[in-house]
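Chemist: task: produce atomic coordinates for the following.
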Amino acid sequence: MSVVKINVLTVPSEQRETLEKRFASRAHAVESSDGFEWFELLRPVEGTDNYLVYTRWQDEASFQAWMEGPMKAAHQGGDAGSGERPKPAASGSTLWSFEVVQQTAPANS
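Modeler: I've put the predicted structure just below:
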């Protein structure tokens with residue numbers, strides 16, 4: 001059964017561009033991971049500073065393997081030449097987890 005992980009990131013308005021650039025620079029980091037099915041970065045439009053990072057995985061084990069491998073490595077990298085890790089763009093993070101129990105796709109026209 002597929003699982004959905006939604007990382008809720010609190011991002012101050014002055015850090016939005018930084019966050020989006022960082023995600024864009026790592027756009028292909030997750031695509032070849034075993035069990036990966038989907039990714040979306042959702043920008044807030046009104047009423048919140050929370051970005052949603054939506055990922056869908058074949059199973060929990062696939063997500064955990066990605067968290068302990070490629071994701072961990074991507075977040076531990078420092079600035080080129082400085083050896084320092086860049087300041088986080090988000091001021092807070094919460095992970096929501098769901099199992100997919102129903103789904104539907106558009107009907108073919």
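
Chemist: for the protein, what helix or strand is lowest in average pLDDT?
Modeler: The least trusted helix or strand in the chain, going by mean pLDDT, DSSP states H and E, turns out to be helix 72-76, with a mean of 68.

Chemist: wait, what's in contact with residue 57?
Modeler: If you count contacts by C-beta atoms under 8 Å, 6 or more residues apart in numbering, residue 57 has them with 2, 3, 4, 5, 35, 36, 37, 63, 66. Quick note: C-beta positions are derived from backbone N, CA and C, even for glycine.

Chemist: measure it to residue 14 for me?
Modeler: 32 Å (C-beta to C-beta, to the nearest Å).

Chemist: returning to what we had before: helix or strand right after the least confident helix or strand of the chain?
Modeler: Sequence order places strand 92-99 as the next helix or strand after helix 72-76, per DSSP states H and E.

Chemist: contacts for that following strand?
Modeler: Strand 92-99 is contacted by residues 1, 2, 3, 4, 5, 6, 7, 8, 9, 10 when judged by C-beta under 8 Å, 6+ apart.

Chemist: how about the contacts made by the last one?
Modeler: Residues near residue 10 by C-beta under 8 Å, 6+ apart: 49, 50, 90, 91, 92, 93.

Chemist: going by neighbour count, which of the residues you listed comes out on top?
Modeler: residue 90 (19 neighbours; other C-beta atoms under 10 Å).

Chemist: and the longest helix seen in the chain, how far from the chain's centre?
Modeler: In the chain, taking DSSP state H as the definition, the longest helix is helix 16-25. Mean-position distance between helix 16-25 and its chain equals 11 Å (C-alpha atoms, centre = their mean, to the nearest Å).

Chemist: go on, stretch 98-109?
Modeler: Chain-centre distance of stretch 98-109: 21 Å, with C-alpha atoms, centre = their mean.

Chemist: if we can go back for a sec, out of the contacts of residue 57, flag the one nearest to residue 24.
Modeler: residue 36 (17.8 Å; C-beta to C-beta).
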